[in-house]
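Q: Provide a 3D model corresponding to the input given below.
(one chain, ligands or ions: 1)
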Amino acid sequence: MDLYSLTLTDIAKKIKDKEVSIKEVLDSVYSRIEEVEPKVDAYITLTQSQAYERAEKLQQKLDNNEDIGILGGVPIAIKDNICTKGVKTTCASRMLENYTPIYDATVIKKLEDAGAIVIGKTNMDEFAMGSSTETSYIKKTKNPWDLTRVPGGSSGGSAAVVSSDMAFAALGSDTGGSIRQPASYCSVVGLKPTYGLISRFGLIAFASSLDQIGPFTKTVEDAALMLNVISGHDKMDTTSANLEKVDYLKAIVNDVKGKVIGIPTDFITDGINKDVREAYDKAIDTLKNVGAKIQEIKLEYAKYSLATYYIIATAEASSNLGRYDGIRYGYRAKDFEDLDDLYYKSRTEGFGAEVKRRIMLGTYVLSSGYYDAYYKRAQQVRTLIIENFKEAFKLCDSILIPTAPNTAFKFGEKSENPLEMYLEDIYTVPVNIAGLPAISIPGGFDSENMPIGIQFIANSFEEEKLLNIAYTFEQNTDYYKNKPNI
Ligand code: GLN
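A: I've put the predicted structure just below:
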(Lines give C-alpha, C1' and ligand atoms only; values in the text may rest on other atoms or scores of the structure.)
Protein backbone atom coordinates (compact mmCIF):
# COMPACT_ATOMS: atom_id res chain seq x y z
CA MET A 1 0.00 0.00 0.00
CA ASP A 2 1.30 3.44 -0.85
CA LEU A 3 2.06 5.62 2.14
CA TYR A 4 -0.10 8.50 0.88
CA SER A 5 -3.22 6.38 1.08
CA LEU A 6 -2.93 5.69 4.82
CA THR A 7 -5.03 7.45 7.43
CA LEU A 8 -3.72 10.25 9.63
CA THR A 9 -3.71 7.96 12.66
CA ASP A 10 -1.76 5.24 10.84
CA ILE A 11 0.85 7.47 9.25
CA ALA A 12 1.50 9.27 12.55
CA LYS A 13 2.10 5.89 14.20
CA LYS A 14 4.38 4.62 11.43
CA ILE A 15 6.53 7.74 11.73
CA LYS A 16 6.68 7.52 15.52
CA ASP A 17 7.59 3.82 15.38
CA LYS A 18 10.33 4.70 12.86
CA GLU A 19 8.89 2.32 10.31
CA VAL A 20 9.16 5.13 7.78
CA SER A 21 11.11 8.36 7.72
CA ILE A 22 9.35 11.72 7.55
CA LYS A 23 11.11 12.39 4.26
CA GLU A 24 9.67 9.19 2.78
CA VAL A 25 6.20 10.31 3.81
CA LEU A 26 6.68 13.74 2.24
CA ASP A 27 8.11 12.18 -0.92
CA SER A 28 5.09 9.92 -1.17
CA VAL A 29 2.58 12.76 -0.80
CA TYR A 30 4.37 15.17 -3.12
CA SER A 31 4.71 12.51 -5.81
CA ARG A 32 1.01 11.78 -5.43
CA ILE A 33 0.40 15.52 -5.85
CA GLU A 34 2.56 15.57 -8.96
CA GLU A 35 0.48 12.76 -10.40
CA VAL A 36 -3.02 13.92 -9.46
CA GLU A 37 -2.93 17.69 -9.00
CA PRO A 38 -2.77 18.47 -12.75
CA LYS A 39 -6.20 16.83 -13.01
CA VAL A 40 -7.78 18.10 -9.78
CA ASP A 41 -6.30 21.61 -9.36
CA ALA A 42 -6.92 21.73 -5.62
CA TYR A 43 -3.82 23.56 -4.40
CA ILE A 44 -3.14 27.27 -4.77
CA THR A 45 0.32 27.12 -3.19
CA LEU A 46 2.66 24.23 -2.43
CA THR A 47 5.24 24.71 0.31
CA GLN A 48 7.79 22.00 -0.51
CA SER A 49 10.97 23.78 0.58
CA GLN A 50 9.60 24.75 4.01
CA ALA A 51 8.06 21.29 4.39
CA TYR A 52 11.32 19.43 3.70
CA GLU A 53 13.24 21.77 5.98
CA ARG A 54 10.79 21.08 8.79
CA ALA A 55 10.89 17.37 8.06
CA GLU A 56 14.63 17.31 8.54
CA LYS A 57 14.42 19.05 11.90
CA LEU A 58 11.63 16.80 13.10
CA GLN A 59 13.50 13.69 11.97
CA GLN A 60 16.60 14.77 13.88
CA LYS A 61 14.49 15.16 17.01
CA LEU A 62 12.91 11.78 16.48
CA ASP A 63 16.30 10.17 15.91
CA ASN A 64 17.38 11.64 19.24
CA ASN A 65 14.30 10.04 20.78
CA GLU A 66 12.72 13.40 21.55
CA ASP A 67 8.94 13.84 21.46
CA ILE A 68 7.80 15.24 18.08
CA GLY A 69 4.11 15.57 18.98
CA ILE A 70 1.00 13.55 18.22
CA LEU A 71 1.03 14.65 14.58
CA GLY A 72 4.80 14.48 14.34
CA GLY A 73 5.90 14.63 10.69
CA VAL A 74 2.41 14.33 9.22
CA PRO A 75 1.65 16.37 6.05
CA ILE A 76 -1.47 18.56 6.33
CA ALA A 77 -3.12 20.97 3.85
CA ILE A 78 -4.65 24.31 4.82
CA LYS A 79 -7.51 26.26 3.25
CA ASP A 80 -6.21 29.49 1.79
CA ASN A 81 -8.17 31.75 4.14
CA ILE A 82 -6.19 30.65 7.19
CA CYS A 83 -3.11 32.81 7.74
CA THR A 84 0.29 31.17 7.39
CA LYS A 85 3.33 33.25 8.24
CA GLY A 86 5.52 33.82 5.19
CA VAL A 87 3.22 31.80 2.93
CA LYS A 88 0.70 33.49 0.63
CA THR A 89 -2.87 33.45 1.91
CA THR A 90 -5.03 34.57 -1.00
CA CYS A 91 -8.64 33.74 -0.05
CA ALA A 92 -8.73 32.78 -3.76
CA SER A 93 -9.28 36.47 -4.47
CA ARG A 94 -7.53 38.95 -6.72
CA MET A 95 -7.78 41.27 -3.71
CA LEU A 96 -5.32 39.13 -1.72
CA GLU A 97 -3.50 37.43 -4.57
CA ASN A 98 -0.15 38.67 -3.29
CA TYR A 99 -0.87 38.85 0.42
CA THR A 100 1.67 37.15 2.66
CA PRO A 101 0.70 37.21 6.35
CA ILE A 102 3.30 38.15 8.93
CA TYR A 103 1.73 35.86 11.51
CA ASP A 104 0.31 32.37 11.86
CA ALA A 105 -3.30 31.64 12.74
CA THR A 106 -3.64 29.98 16.15
CA VAL A 107 -4.68 26.70 14.50
CA ILE A 108 -1.45 26.69 12.49
CA LYS A 109 0.59 27.19 15.65
CA LYS A 110 -1.29 24.37 17.33
CA LEU A 111 -0.78 22.04 14.38
CA GLU A 112 2.92 22.84 14.25
CA ASP A 113 3.30 22.46 18.01
CA ALA A 114 1.86 18.97 17.54
CA GLY A 115 4.51 18.28 14.88
CA ALA A 116 2.38 18.56 11.71
CA ILE A 117 3.92 19.77 8.45
CA VAL A 118 1.98 22.22 6.29
CA ILE A 119 2.40 21.05 2.69
CA GLY A 120 0.25 23.56 0.85
CA LYS A 121 -2.69 25.94 0.74
CA THR A 122 -5.94 24.84 -0.88
CA ASN A 123 -8.36 26.42 -3.30
CA MET A 124 -11.73 27.76 -2.21
CA ASP A 125 -14.58 30.00 -3.26
CA GLU A 126 -13.47 33.63 -3.17
CA PHE A 127 -13.57 34.75 0.49
CA ALA A 128 -15.40 31.46 1.23
CA MET A 129 -18.54 32.68 -0.53
CA GLY A 130 -20.01 29.87 -2.56
CA SER A 131 -20.89 26.18 -2.60
CA SER A 132 -18.81 24.90 -5.53
CA THR A 133 -15.35 26.54 -5.44
CA GLU A 134 -16.26 28.04 -8.83
CA THR A 135 -15.99 31.62 -7.53
CA SER A 136 -12.24 31.19 -6.96
CA TYR A 137 -10.26 33.83 -8.86
CA ILE A 138 -7.32 31.44 -9.14
CA LYS A 139 -8.54 28.14 -10.62
CA LYS A 140 -11.35 25.61 -10.81
CA THR A 141 -10.99 22.57 -8.60
CA LYS A 142 -12.45 19.35 -9.95
CA ASN A 143 -14.21 16.66 -7.98
CA PRO A 144 -11.84 13.64 -7.81
CA TRP A 145 -14.85 11.33 -8.27
CA ASP A 146 -15.77 12.92 -11.60
CA LEU A 147 -13.62 15.64 -13.10
CA THR A 148 -16.57 17.24 -14.88
CA ARG A 149 -18.18 18.06 -11.53
CA VAL A 150 -17.55 20.55 -8.74
CA PRO A 151 -15.99 19.42 -5.44
CA GLY A 152 -18.49 21.52 -3.45
CA GLY A 153 -17.51 24.60 -1.53
CA SER A 154 -16.36 26.80 -0.26
CA SER A 155 -13.56 24.52 1.06
CA GLY A 156 -13.56 22.49 -2.19
CA GLY A 157 -9.76 22.30 -2.39
CA SER A 158 -9.42 20.86 1.11
CA ALA A 159 -12.11 18.23 0.47
CA ALA A 160 -10.54 17.27 -2.87
CA VAL A 161 -7.00 16.86 -1.52
CA VAL A 162 -8.11 14.55 1.29
CA SER A 163 -10.38 12.58 -1.01
CA SER A 164 -7.63 12.03 -3.59
CA ASP A 165 -4.90 11.28 -1.02
CA MET A 166 -2.99 14.51 -1.68
CA ALA A 167 -2.91 15.17 2.10
CA PHE A 168 -3.65 13.08 5.18
CA ALA A 169 -5.97 15.77 6.51
CA ALA A 170 -6.83 19.38 5.79
CA LEU A 171 -8.29 22.38 7.54
CA GLY A 172 -11.31 24.22 6.20
CA SER A 173 -13.73 26.83 7.46
CA ASP A 174 -17.48 26.52 7.75
CA THR A 175 -19.73 29.59 7.84
CA GLY A 176 -22.80 27.98 6.32
CA GLY A 177 -21.66 24.51 5.33
CA SER A 178 -18.28 25.01 3.71
CA ILE A 179 -16.68 22.04 5.44
CA ARG A 180 -19.62 19.63 5.49
CA GLN A 181 -20.99 20.10 1.98
CA PRO A 182 -17.69 19.58 0.11
CA ALA A 183 -16.92 16.66 2.46
CA SER A 184 -20.20 15.12 1.38
CA TYR A 185 -19.54 15.76 -2.35
CA CYS A 186 -16.07 14.19 -2.11
CA SER A 187 -16.78 11.31 0.32
CA VAL A 188 -14.61 12.38 3.23
CA VAL A 189 -15.29 13.29 6.85
CA GLY A 190 -15.90 17.00 7.54
CA LEU A 191 -16.37 18.34 11.05
CA LYS A 192 -17.73 21.77 11.93
CA PRO A 193 -17.08 22.22 15.65
CA THR A 194 -19.18 24.26 18.10
CA TYR A 195 -18.77 28.01 17.66
CA GLY A 196 -16.04 28.97 20.12
CA LEU A 197 -14.27 25.60 20.34
CA ILE A 198 -11.59 26.48 17.78
CA SER A 199 -9.82 29.83 17.76
CA ARG A 200 -10.67 32.01 14.78
CA PHE A 201 -7.55 34.12 15.24
CA GLY A 202 -5.91 34.28 11.83
CA LEU A 203 -8.95 33.05 9.92
CA ILE A 204 -9.78 35.75 7.38
CA ALA A 205 -13.26 36.84 8.40
CA PHE A 206 -16.36 36.27 6.29
CA ALA A 207 -19.26 36.33 8.79
CA SER A 208 -17.75 36.44 12.26
CA SER A 209 -20.75 35.16 14.24
CA LEU A 210 -20.92 32.05 12.03
CA ASP A 211 -17.33 31.26 10.94
CA GLN A 212 -15.64 28.23 12.45
CA ILE A 213 -12.51 26.26 11.50
CA GLY A 214 -12.62 22.47 11.33
CA PRO A 215 -10.90 19.40 9.87
CA PHE A 216 -11.33 17.26 6.77
CA THR A 217 -10.17 13.69 7.33
CA LYS A 218 -10.41 10.20 5.87
CA THR A 219 -12.01 8.72 9.00
CA VAL A 220 -13.95 9.80 12.09
CA GLU A 221 -11.09 8.71 14.33
CA ASP A 222 -8.79 11.07 12.41
CA ALA A 223 -11.28 13.89 12.97
CA ALA A 224 -11.09 13.27 16.73
CA LEU A 225 -7.30 13.36 16.53
CA MET A 226 -7.35 16.67 14.64
CA LEU A 227 -9.83 18.11 17.13
CA ASN A 228 -7.53 17.17 20.01
CA VAL A 229 -4.84 19.28 18.38
CA ILE A 230 -6.72 22.37 17.19
CA SER A 231 -9.32 22.88 19.95
CA GLY A 232 -8.79 24.97 23.05
CA HIS A 233 -9.07 28.44 24.49
CA ASP A 234 -7.20 31.32 22.88
CA LYS A 235 -7.00 34.77 24.37
CA MET A 236 -6.50 36.20 20.88
CA ASP A 237 -10.12 35.34 20.01
CA THR A 238 -12.68 36.91 22.33
CA THR A 239 -15.34 34.40 21.26
CA SER A 240 -13.11 31.45 22.15
CA ALA A 241 -14.64 29.28 24.89
CA ASN A 242 -12.60 28.69 28.01
CA LEU A 243 -13.33 25.07 28.80
CA GLU A 244 -11.39 22.16 30.15
CA LYS A 245 -9.47 20.27 27.47
CA VAL A 246 -11.18 17.08 26.32
CA ASP A 247 -9.57 13.95 24.82
CA TYR A 248 -11.86 13.36 21.85
CA LEU A 249 -10.22 10.04 21.03
CA LYS A 250 -11.95 8.61 24.09
CA ALA A 251 -15.24 9.07 22.22
CA ILE A 252 -14.09 6.74 19.44
CA VAL A 253 -16.16 3.80 20.64
CA ASN A 254 -18.24 1.55 18.40
CA ASP A 255 -21.43 1.55 20.46
CA VAL A 256 -24.59 3.65 20.32
CA LYS A 257 -26.93 1.37 22.20
CA GLY A 258 -29.68 3.41 23.79
CA LYS A 259 -28.61 6.67 22.11
CA VAL A 260 -31.54 8.62 20.72
CA ILE A 261 -31.31 9.92 17.15
CA GLY A 262 -33.71 12.74 16.26
CA ILE A 263 -35.33 12.83 12.82
CA PRO A 264 -36.83 16.24 11.97
CA THR A 265 -39.68 15.06 9.75
CA ASP A 266 -40.99 18.59 9.19
CA PHE A 267 -37.63 19.76 7.84
CA ILE A 268 -36.74 16.91 5.48
CA THR A 269 -39.27 17.56 2.76
CA ASP A 270 -39.61 17.22 -0.98
CA GLY A 271 -36.82 19.24 -2.55
CA ILE A 272 -34.33 16.45 -2.07
CA ASN A 273 -32.73 14.15 -4.60
CA LYS A 274 -34.21 10.63 -4.65
CA ASP A 275 -30.90 8.83 -4.12
CA VAL A 276 -30.01 11.15 -1.23
CA ARG A 277 -33.39 10.40 0.33
CA GLU A 278 -32.77 6.66 -0.02
CA ALA A 279 -29.31 6.91 1.52
CA TYR A 280 -30.81 8.91 4.37
CA ASP A 281 -33.51 6.34 5.05
CA LYS A 282 -30.90 3.61 4.92
CA ALA A 283 -28.76 5.49 7.44
CA ILE A 284 -31.71 5.55 9.83
CA ASP A 285 -32.04 1.77 9.46
CA THR A 286 -28.32 1.24 10.03
CA LEU A 287 -28.53 3.18 13.28
CA LYS A 288 -31.61 1.23 14.38
CA ASN A 289 -29.80 -2.03 13.65
CA VAL A 290 -26.92 -1.12 15.94
CA GLY A 291 -29.22 -0.30 18.81
CA ALA A 292 -29.94 3.43 18.52
CA LYS A 293 -33.47 4.67 19.18
CA ILE A 294 -35.11 6.75 16.50
CA GLN A 295 -37.19 9.69 17.68
CA GLU A 296 -39.27 11.99 15.53
CA ILE A 297 -38.64 15.66 16.35
CA LYS A 298 -39.85 19.03 15.11
CA LEU A 299 -37.68 21.90 13.91
CA GLU A 300 -40.44 24.21 12.77
CA TYR A 301 -38.28 27.30 12.20
CA ALA A 302 -35.43 25.47 10.45
CA LYS A 303 -37.05 26.15 7.09
CA TYR A 304 -36.33 29.85 7.61
CA SER A 305 -32.63 29.19 8.16
CA LEU A 306 -31.57 29.82 4.59
CA ALA A 307 -33.25 33.24 4.39
CA THR A 308 -31.93 34.13 7.84
CA TYR A 309 -28.42 33.00 6.93
CA TYR A 310 -28.26 35.01 3.72
CA ILE A 311 -29.20 38.16 5.65
CA ILE A 312 -26.87 37.72 8.62
CA ALA A 313 -23.93 36.37 6.61
CA THR A 314 -24.10 39.11 3.99
CA ALA A 315 -24.54 41.84 6.62
CA GLU A 316 -21.44 40.69 8.48
CA ALA A 317 -19.51 40.19 5.24
CA SER A 318 -20.26 43.72 4.06
CA SER A 319 -18.78 45.02 7.29
CA ASN A 320 -15.79 42.64 7.40
CA LEU A 321 -14.81 43.29 3.80
CA GLY A 322 -14.85 47.05 4.31
CA ARG A 323 -11.17 46.80 5.24
CA TYR A 324 -10.11 46.07 1.65
CA ASP A 325 -9.77 49.63 0.47
CA GLY A 326 -6.64 49.48 -1.67
CA ILE A 327 -4.76 51.52 0.93
CA ARG A 328 -3.66 49.31 3.78
CA TYR A 329 -3.09 45.99 2.10
CA GLY A 330 -4.39 43.91 -0.77
CA TYR A 331 -5.02 44.88 -4.37
CA ARG A 332 -4.65 48.52 -5.38
CA ALA A 333 -5.86 49.89 -8.71
CA LYS A 334 -3.14 51.46 -10.82
CA ASP A 335 -4.83 54.50 -12.32
CA PHE A 336 -7.02 56.66 -10.14
CA GLU A 337 -7.92 60.31 -9.86
CA ASP A 338 -8.54 60.86 -6.18
CA LEU A 339 -9.09 58.92 -2.97
CA ASP A 340 -12.70 58.00 -3.73
CA ASP A 341 -11.67 56.80 -7.16
CA LEU A 342 -8.90 54.69 -5.62
CA TYR A 343 -11.35 52.97 -3.25
CA TYR A 344 -13.85 52.51 -6.03
CA LYS A 345 -11.47 51.07 -8.59
CA SER A 346 -9.54 48.88 -6.16
CA ARG A 347 -12.73 47.24 -4.93
CA THR A 348 -14.25 47.01 -8.41
CA GLU A 349 -11.18 45.30 -9.83
CA GLY A 350 -10.17 43.33 -6.72
CA PHE A 351 -13.45 41.55 -5.91
CA GLY A 352 -15.32 39.01 -8.04
CA ALA A 353 -19.04 39.04 -8.83
CA GLU A 354 -20.24 36.83 -5.95
CA VAL A 355 -18.33 38.82 -3.34
CA LYS A 356 -19.77 42.06 -4.75
CA ARG A 357 -23.26 40.57 -4.65
CA ARG A 358 -22.81 39.71 -0.96
CA ILE A 359 -21.44 43.15 -0.11
CA MET A 360 -24.37 44.83 -1.84
CA LEU A 361 -26.96 42.54 -0.21
CA GLY A 362 -25.34 43.05 3.18
CA THR A 363 -25.17 46.80 2.83
CA TYR A 364 -28.82 46.83 1.80
CA VAL A 365 -30.10 44.81 4.78
CA LEU A 366 -28.12 47.03 7.15
CA SER A 367 -29.21 50.34 5.61
CA SER A 368 -31.34 52.51 7.87
CA GLY A 369 -34.60 52.05 5.98
CA TYR A 370 -34.36 48.25 5.87
CA TYR A 371 -32.50 47.34 9.03
CA ASP A 372 -35.63 46.49 11.04
CA ALA A 373 -37.34 44.66 8.21
CA TYR A 374 -34.38 42.43 7.39
CA TYR A 375 -31.43 42.41 9.75
CA LYS A 376 -33.30 42.79 13.05
CA ARG A 377 -35.91 40.30 11.97
CA ALA A 378 -33.26 37.80 10.93
CA GLN A 379 -31.69 38.08 14.38
CA GLN A 380 -35.08 37.39 15.95
CA VAL A 381 -35.60 34.33 13.76
CA ARG A 382 -32.08 33.22 14.67
CA THR A 383 -33.19 33.13 18.32
CA LEU A 384 -36.23 31.04 17.39
CA ILE A 385 -34.06 28.55 15.51
CA ILE A 386 -31.72 28.29 18.51
CA GLU A 387 -34.74 27.65 20.76
CA ASN A 388 -35.98 24.96 18.34
CA PHE A 389 -32.71 23.07 18.65
CA LYS A 390 -32.67 23.45 22.44
CA GLU A 391 -36.09 21.86 22.64
CA ALA A 392 -35.11 19.11 20.21
CA PHE A 393 -32.04 18.17 22.25
CA LYS A 394 -34.28 17.53 25.25
CA LEU A 395 -35.61 14.57 23.25
CA CYS A 396 -32.52 13.24 21.50
CA ASP A 397 -28.73 12.94 21.65
CA SER A 398 -28.08 13.81 18.04
CA ILE A 399 -30.07 14.92 15.01
CA LEU A 400 -29.61 13.14 11.69
CA ILE A 401 -30.19 14.97 8.39
CA PRO A 402 -28.65 14.80 4.92
CA THR A 403 -25.65 17.08 4.43
CA ALA A 404 -26.89 18.45 1.11
CA PRO A 405 -30.06 17.93 -0.93
CA ASN A 406 -28.03 16.84 -4.00
CA THR A 407 -24.77 15.23 -4.98
CA ALA A 408 -21.96 17.07 -6.79
CA PHE A 409 -23.23 18.94 -9.85
CA LYS A 410 -21.51 19.77 -13.13
CA PHE A 411 -19.49 22.94 -13.65
CA GLY A 412 -21.68 25.87 -14.59
CA GLU A 413 -24.89 24.07 -13.70
CA LYS A 414 -25.77 26.41 -10.85
CA SER A 415 -23.36 29.30 -11.18
CA GLU A 416 -25.71 31.32 -13.40
CA ASN A 417 -28.44 31.26 -10.78
CA PRO A 418 -27.26 32.31 -7.31
CA LEU A 419 -30.52 31.28 -5.66
CA GLU A 420 -30.17 27.72 -6.88
CA MET A 421 -26.63 27.67 -5.56
CA TYR A 422 -27.80 29.03 -2.18
CA LEU A 423 -30.37 26.21 -1.96
CA GLU A 424 -27.54 23.66 -1.70
CA ASP A 425 -26.92 25.06 1.80
CA ILE A 426 -30.38 24.29 3.14
CA TYR A 427 -29.28 21.50 5.48
CA THR A 428 -26.02 23.01 6.61
CA VAL A 429 -26.85 26.62 7.57
CA PRO A 430 -29.19 25.91 10.55
CA VAL A 431 -26.18 24.48 12.39
CA ASN A 432 -24.12 27.67 11.95
CA ILE A 433 -27.05 29.86 12.91
CA ALA A 434 -27.35 27.96 16.19
CA GLY A 435 -23.56 27.63 16.67
CA LEU A 436 -23.80 23.83 16.99
CA PRO A 437 -21.29 21.10 16.12
CA ALA A 438 -22.04 18.83 13.15
CA ILE A 439 -20.21 16.24 11.13
CA SER A 440 -20.69 15.02 7.57
CA ILE A 441 -19.58 11.47 6.88
CA PRO A 442 -19.79 9.22 3.82
CA GLY A 443 -23.33 7.81 3.63
CA GLY A 444 -23.63 6.22 0.21
CA PHE A 445 -23.43 6.79 -3.54
CA ASP A 446 -26.03 7.86 -6.08
CA SER A 447 -26.90 6.06 -9.30
CA GLU A 448 -23.96 7.77 -11.03
CA ASN A 449 -21.55 6.71 -8.29
CA MET A 450 -21.28 10.22 -6.83
CA PRO A 451 -20.84 10.36 -3.04
CA ILE A 452 -23.67 11.17 -0.64
CA GLY A 453 -22.99 12.60 2.81
CA ILE A 454 -25.08 12.26 5.93
CA GLN A 455 -24.89 14.71 8.78
CA PHE A 456 -25.10 14.32 12.54
CA ILE A 457 -25.73 17.41 14.69
CA ALA A 458 -25.21 17.61 18.46
CA ASN A 459 -25.84 20.16 21.17
CA SER A 460 -23.17 22.80 21.87
CA PHE A 461 -19.81 21.38 22.97
CA GLU A 462 -21.07 17.81 22.69
CA GLU A 463 -18.46 16.84 20.11
CA GLU A 464 -17.79 13.62 22.03
CA LYS A 465 -21.35 12.42 21.51
CA LEU A 466 -21.16 13.46 17.88
CA LEU A 467 -17.92 11.58 17.26
CA ASN A 468 -19.15 8.47 19.07
CA ILE A 469 -22.31 8.27 16.96
CA ALA A 470 -20.55 9.11 13.70
CA TYR A 471 -17.81 6.57 14.41
CA THR A 472 -20.32 3.83 15.13
CA PHE A 473 -22.17 4.60 11.90
CA GLU A 474 -18.90 4.61 9.95
CA GLN A 475 -17.70 1.32 11.40
CA ASN A 476 -20.98 -0.36 10.51
CA THR A 477 -20.90 0.78 6.88
CA ASP A 478 -18.36 0.47 4.07
CA TYR A 479 -18.84 3.75 2.21
CA TYR A 480 -15.75 5.41 3.66
CA LYS A 481 -13.53 2.66 2.29
CA ASN A 482 -14.28 3.58 -1.34
CA LYS A 483 -11.82 5.86 -3.06
CA PRO A 484 -12.11 7.83 -6.27
CA ASN A 485 -10.51 6.18 -9.24
CA ILE A 486 -7.95 8.84 -10.05
N1 GLN B 1 -22.23 28.15 0.73
C2 GLN B 1 -22.40 29.09 1.81
C3 GLN B 1 -22.19 30.48 1.30
O4 GLN B 1 -21.99 30.64 0.16
C5 GLN B 1 -21.47 28.77 2.93
C6 GLN B 1 -20.09 29.25 2.77
C7 GLN B 1 -19.21 28.94 3.92
O8 GLN B 1 -19.57 28.14 4.79
N9 GLN B 1 -18.09 29.61 3.96
O10 GLN B 1 -22.25 31.43 2.02
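Q: Number of residues surrounding residue 38?
A: Residue 38 is flanked by 8 other residues according to other C-beta atoms under 10 Å. Glycine gets a C-beta too; all of them are placed from N, C-alpha and C.
Q: Is it located within a helix, as I assumed?
A: Yes - Residue 38: assigned to a helix according to DSSP: H, G, I helix; E, B strand; the rest coil.
Q: For the closest residue to the ligand within the stretch 301-450 of the chain, list the residues it contacts.
A: The ligand sits closest to residue 425 of the stretch 301-450 of the chain, with a gap of 4.7 Å, by C-beta to the nearest ligand atom. Residue 425 makes contact with 131, 176-177, 181, 306, 309, 404, according to C-beta atoms under 8 Å, 6 or more residues apart in numbering.
Q: could I get those as a markdown table with pLDDT, neighbour count and secondary structure?
A: Conversion of the contacts of residue 425 to a markdown table gives the following (pLDDT from 0 to 100; neighbours: other C-beta atoms under 10 Å; DSSP: H, G, I helix; E, B strand; the rest coil):
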| residue | pLDDT | neighbour count | secondary structure |
| --- | --- | --- | --- |
| 131 | 97 | 29 | coil |
| 176 | 98 | 30 | coil |
| 177 | 98 | 32 | coil |
| 181 | 98 | 32 | helix |
| 306 | 96 | 21 | helix |
| 309 | 98 | 26 | helix |
| 404 | 97 | 29 | coil |
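Q: Apart from its chain neighbours, what residue comes closest to residue 163?
A: Leaving aside its chain neighbours, residue 163 sits nearest to residue 186 (3.9 Å; criterion: C-beta to C-beta, 6 or more residues apart in numbering).
Q: I'd assumed residue 295 was in a strand, is it?
A: Yes - assessed with three-state DSSP, residue 295 lies in a strand.
Q: when you give positions from now on, start the count at 180
A: OK, 180 is where the count begins now, so the last one is residue 474.
Q: Run a quick neighbour tally on it.
A: Neighbours of residue 474 under the rule other C-beta under 10 Å: 14.
Q: what do you get for residue 333?
A: Residues near residue 333, counting by other C-beta under 10 Å: 35.
Q: any idea which element it lies in?
A: Under the criterion DSSP states H and E, no helix or strand holds residue 333.
Q: can you list the residues of the stretch 530-665 of the chain near the ligand?
A: residue 604 (C-beta under 6 Å from any ligand atom).
Q: picking up where we left off before, sec struct for the residue of the stretch 480-629 of the chain closest to the ligand, please.
A: On the three-state scheme (three-state DSSP), residue 604 is labelled coil.
Q: Now do the same for it: its pLDDT.
A: At residue 604, the pLDDT value in this model is 95.
Q: Likewise for the one 3 residues further on?
A: In this model, residue 607 is scored at 98, pLDDT.
Q: how far away is the closest residue to it other than its chain neighbours from the ligand?
A: Distance criterion C-beta to C-beta, 6+ apart; nearest residue to residue 607, sequence neighbours excluded, is residue 356 at 2.7 Å. Using C-beta to the nearest ligand atom, to the nearest Å, residue 356 is found at 5 Å from the ligand.
Q: center of the protein, which residue is that?
A: Centroid check for the chain by C-alpha atoms, centre = their mean gives residue 358 as the closest residue, at 2.1 Å.
Q: Quick one: residues contacting the residue nearest to residue 304 when sequence neighbours are not counted.
A: Of all residues not flanking residue 304 in the chain, residue 333 sits nearest, at 3.7 Å (C-beta to C-beta, 6+ apart). Residue 333 makes contact with 303-304, 307-310, 312, 314, 352, 354, 357, 361, according to C-beta under 8 Å, 6+ apart.
Q: I'd like to know which helix or strand in this protein has the lowest mean pLDDT.
A: Across the helices and strands of the chain, mean confidence by mean pLDDT, DSSP states H and E is lowest for helix 597-602: a mean of 91.
Q: what does the helix or strand just after it contact?
A: Using DSSP H and E, the next helix or strand after helix 597-602 towards the C-terminus is helix 608-612. Here helix 608-612 makes contact (C-beta under 8 Å, 6+ apart) with 353-356, 359, 371, 374, 389, 391, 478, 481, 484-485, 487-488, 491, 561, 564-565, 568, 616-617, 636.
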